[in-house]
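In: Can you look at this prediction? I've put the sequence above it.
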Amino acid sequence: MGTPATLSLETLPAFTNEPYTDFSAPENRRAMQEALGRVRQQFGREYELWIGGARLKTEEKFESRNPSRPSEVVGIHQKATPTLAGMAVESALSFFPEWSRFPVEVRAEMLLRAASILRRRKLEFDAWVVYEAGKTWPEAEADVSEAIDFCEYYAREALRYGAPRPMLATPGEKNELVYIPLGVGVIISPWNFPLAILTGMTTAALVTGNTVVIKPSSDTPTIAAKFCEVLLEAGFPERSFAFVTGSGSVVGDALVLHPKTRFICFTGSKEVGLRINELAAKLQPGQIWIKRVIAEMGGKDAIIVDAEADLERAVEGVLVSAFGYQGQKCSACSRAIVDRSIYDEFLERLKARTETLTVGPADDPANFMGPVINENARRSILGYIDIGSKEGRLVTGCGSVPGEGYFLKPVIIADVEPKARIFQEEIFGPVLAVTPARDFDHALELANDSEYGLTGAVFTRNPEKIRKARERFFVGNLYFNRKCTGAMVGAHPFGGFNMSGTDSKAGGPDYLLQFLQAKAICERMA
Ligand code: NAP
């Protein structure tokens, strides 16, 4: 059962965020170029399914490609079938009794080791993220650093939940509350934080004593396969997790509907999240629990720029929130709501700044924006740009950028009505809708006019308006006088309201509770 249980919260240093590599330093730039070169040499390798400690190949395969140069195959992966998905759940179930009895200190120690391995291989993982997800160097670095943060943070949190909590003593009795794991969890992750979100969801489940089946996005399976190597190297037993690649629409239902699946931890689109929630609610023959669903979904995030804002700061905040990683963050700003007294000036400045942004291959550090994830995404975003050009006034950006990759220019569409599709629907690309507000109350009303409720920001110097927004702006993550992206583990627990999901608050003190159930124990003393 691993090493003796020596780890404790008292002896561990307090959690701090992983520092970012400074790519302005020549030696770091050189090291990153070398990492990109090393990773490129591994392009086109084949990766297997891992079920019950065995590596499996299927007849049918699929490829993941570099969105900056789609002719490049990053990895070749197996197309799992519903039968294999079922086997994965059953194998995870068979190891659950053993794994759930590992001391929490031993599991936490494995997680700290995973953090060290990721730290050691950081630039290599950055390079995989650059190539497979199309993130620029700094965006990839933030993704990998967040993955390390999740490991460090959840290791400490597991120790905190692992200690029994004394309860009120009743006469002659000792009372305790202990937290125990749930069972087999299915982890379904998106491509846009291909390492961080996958790592956060998987490690939270494992460190609390659950076994898991990992089903990564079909756009970024190589990063997921590399992460599974890290889990093994860190000491997680082969049978504590299974790795199942293949189309979500083919294996998803089998994983979710399996009677032995105890919970599903999903991050992705609203449509898929709602489907999972619905299917998980249907009792299957042999199922003896209510499946738990943790579902973090889309966003239509707004930034309010008030008449009393520092305009320059607001322009920068909106710019990076809207166009960082090509607008493909659930937290991205896709609506700017601007007081009409400063509307024209704001737009003029934002347009000027936006037109300086460079777009091109993500591995070239000269580019601020890389490609969107795939051809379907590009087509869908171009469709929205077309719709938006009719719904509002196209201020800047139109269409594709030359080159093999899925590149798009950053787009600003002004004078958008609140009921317009581009004001209401998640586009998930570099498209910003801008709308004037009569006053601050109107701005708040417009910001809240959404089925989503993930992130939001307000730029103002007025404390009374800050007070009002704290109370009324209905989002899971609210920021003042800064961008609405870039939540940090331990500082900004992350998750949204309404159709943005179950508000699970990843990277916060309540997160691990969702992977646990509490048991109250009372012992009569005499
Ligand atoms: P997606 O299309 O919903 O896919 C997410 C995952 O679900 C993928 O692994 C996908 O597999 C799988 N899947 C697809 N169909 C399924 C089914 N029927 N049953 C079970 N699983 C299925 O989302 P995405 O395009 O990867 O990610 C973008 C979305 O994620 C955006 O809406 C974004 O806002 C949201 N997001 C939210 C958060 C948050 O914290 N709230 C964070 C990041 C992203 P395949 O790839 O094989 O289809």
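Out: That came through fine.

In: Show the backbone phi and psi for the residue in the stretch 1-150 of the chain that the ligand sits nearest to.
Out: In the stretch 1-150 of the chain, the residue that lies nearest the ligand is Phe62 (8.9 Å; C-beta to the nearest ligand atom). (Glycine included, C-beta is placed from N, CA and C.) Dihedral pair for Phe62: phi -140, psi 160, per degrees, to the nearest 10.

In: Show me what the longest helix seen in the chain is packed against.
Out: Ordering each helix of the chain by length in residues (DSSP state H) puts helix 137-162 first. With contacts taken as 3 or more C-beta pairs under 8 Å, 6 or more residues apart in numbering; DSSP states H and E, helix 137-162 sits against helix 104-120, helix 122-133, helix 196-207.

In: For the lowest-mean-pLDDT helix or strand in the chain, name the packing helices and strands.
Out: Within the chain, no helix or strand scores below strand 165-166, which has a mean of 86 by mean pLDDT, DSSP states H and E. Under the contact criterion of 3+ C-beta pairs under 8 Å, 6+ apart, strand 165-166 touches strand 173-181.

In: Pro410 touches Met369, doesn't it?
Out: Yes - the criterion here is C-beta atoms under 8 Å, and Pro410 meets it with Met369 at 6.7 Å.

In: Other residues contacting stretch 37-55?
Out: When contacts are defined by C-beta atoms under 8 Å, 6 or more residues apart in numbering, stretch 37-55 is touched by residues 56-58, 61, 66, 72-78, 80, 84, 87-88, 91, 94-95, 124, 127-128, 131, 221-222, 225, 228, 238-239, 241-245.

In: Pull out the buried positions in that stretch.
Out: Val39, Phe43, Tyr47, Leu49, Trp50, Ile51 (16 or more other C-beta atoms under 10 Å).

In: can I get those in CSV with distance to Pro418 and secondary structure?
Out: Listed next are these as CSV, based on distance: C-beta to C-beta, whole Å; DSSP: H, G, I helix; E, B strand; the rest coil:
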residue, distance to Pro418, secondary structure
Val39, 45, helix
Phe43, 46, coil
Tyr47, 46, coil
Leu49, 47, strand
Trp50, 48, strand
Ile51, 49, strand
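
In: returning to that earlier point: okay, and the common contacts of Pro410 and Met369?
Out: The contact lists of Pro410 and Met369 share Phe323, Leu357, Val359, Pro430, where a contact means C-beta under 8 Å, 6+ apart.

In: partner strands of the least confident helix or strand of the chain, parallel or antiparallel?
Out: strand 173-181 (antiparallel) (DSSP bridges).

In: what angle separates the strand it pairs with from helix 196-207?
Out: Here the directions of strand 173-181 and helix 196-207 differ by 140 degrees (axes from the mean of the first three to the mean of the last three C-alpha atoms, to 10 degrees).

In: Let me see the mean pLDDT of strand 173-181.
Out: On average, the pLDDT along strand 173-181 is 96.

In: CA atoms of it as PDB?
Out: C-alpha atoms of strand 173-181 as PDB (Å, rounded to 0.1, in the frame of the first residue of the first chain):
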ATOM      1  CA  GLU A 173     -20.800   9.000  23.100                       C
ATOM      2  CA  LYS A 174     -18.000  10.000  20.800                       C
ATOM      3  CA  ASN A 175     -19.200  11.500  17.500                       C
ATOM      4  CA  GLU A 176     -17.300  12.000  14.300                       C
ATOM      5  CA  LEU A 177     -17.800  12.900  10.700                       C
ATOM      6  CA  VAL A 178     -15.600  11.300   8.100                       C
ATOM      7  CA  TYR A 179     -15.500  11.700   4.300                       C
ATOM      8  CA  ILE A 180     -15.300   8.600   2.200                       C
ATOM      9  CA  PRO A 181     -15.000   8.300  -1.600                       C
END
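
In: Show me what secondary structure element comes after that strand.
Out: Proceeding N to C from strand 173-181, the next assigned helix or strand is strand 184-188, under DSSP states H and E.

In: other SSEs contacting that following strand?
Out: helix 82-100, helix 196-207, strand 211-215, helix 248-257, strand 261-267.

In: which of the helices and strands packed on helix 137-162 is buried the deepest?
Out: Compared across the helices and strands packed on helix 137-162, helix 196-207 shows the largest average neighbour count, a mean of 28 (mean count of other C-beta atoms under 10 Å).

In: which other helices and strands contact it?
Out: helix 104-120, helix 137-162, strand 184-188, strand 211-215, helix 221-233, strand 261-267.

In: To Gly490, which of the ones you listed lies closest?
Out: The closest of the helices and strands packed on helix 196-207 to Gly490 is helix 137-162. By C-beta to C-beta, the value is 5.4 Å.

In: how much does the closest one deviate in direction from helix 196-207?
Out: Going by the same axes, to 10 degrees, helix 137-162 makes 20 degrees with helix 196-207.

In: Helix 137-162 near the ligand anywhere?
Out: No - against the ligand, helix 137-162 shows no contacts by C-beta under 6 Å from any ligand atom, the least distance being 11.1 Å.

In: buried ones in that helix?
Out: 137-159, 161-162.

In: what's the angle between that helix and helix 221-233?
Out: Using the same axes, to 10 degrees: helix 137-162 against helix 221-233 is 40 degrees.

In: For helix 137-162, what is the distance to the chain centroid?
Out: Offset of helix 137-162 from its chain centre (C-alpha atoms, centre = their mean, to the nearest Å): 12 Å.

In: again with stretch 295-311
Out: With C-alpha atoms, centre = their mean, you get 19 Å for stretch 295-311.

In: go on, stretch 39-52?
Out: That offset, for stretch 39-52, works out to 22 Å (C-alpha atoms, centre = their mean).

In: and that stretch with the ligand, contact?
Out: No - shown here: stretch 39-52 not in contact with the ligand (C-beta under 6 Å from any ligand atom), separated by at least 13.7 Å.

In: End to end on that stretch, go ahead and measure it.
Out: Start and end residues of stretch 39-52 are separated by 28 Å (C-alpha to C-alpha, to the nearest Å).

In: Can you report how many residues neighbour Ala169?
Out: For Ala169, the count of nearby residues is 11 (other C-beta atoms under 10 Å).

In: Check the one 5 residues further on too.
Out: Applying the criterion other C-beta under 10 Å, we find 13 residues in the vicinity of Lys174.

In: List the residues that contact the residue nearest to it when sequence neighbours are not counted.
Out: Distances taken as C-beta to C-beta, 6 or more residues apart in numbering place Glu523 nearest to Lys174, at 4.8 Å, with adjacent residues excluded. Counting by C-beta under 8 Å, 6+ apart, Glu523 touches Glu173, Lys174, Asn175.

In: switch to 10 Å and redo it
Out: Gly172, Glu173, Lys174, Asn175, Glu176 (C-beta atoms under 10 Å, 6 or more residues apart in numbering).

In: For beta bridges, what are the partners of the second one?
Out: Put plainly, it is Glu173. The partner residues for Glu173, given DSSP bridges, come to Arg524.
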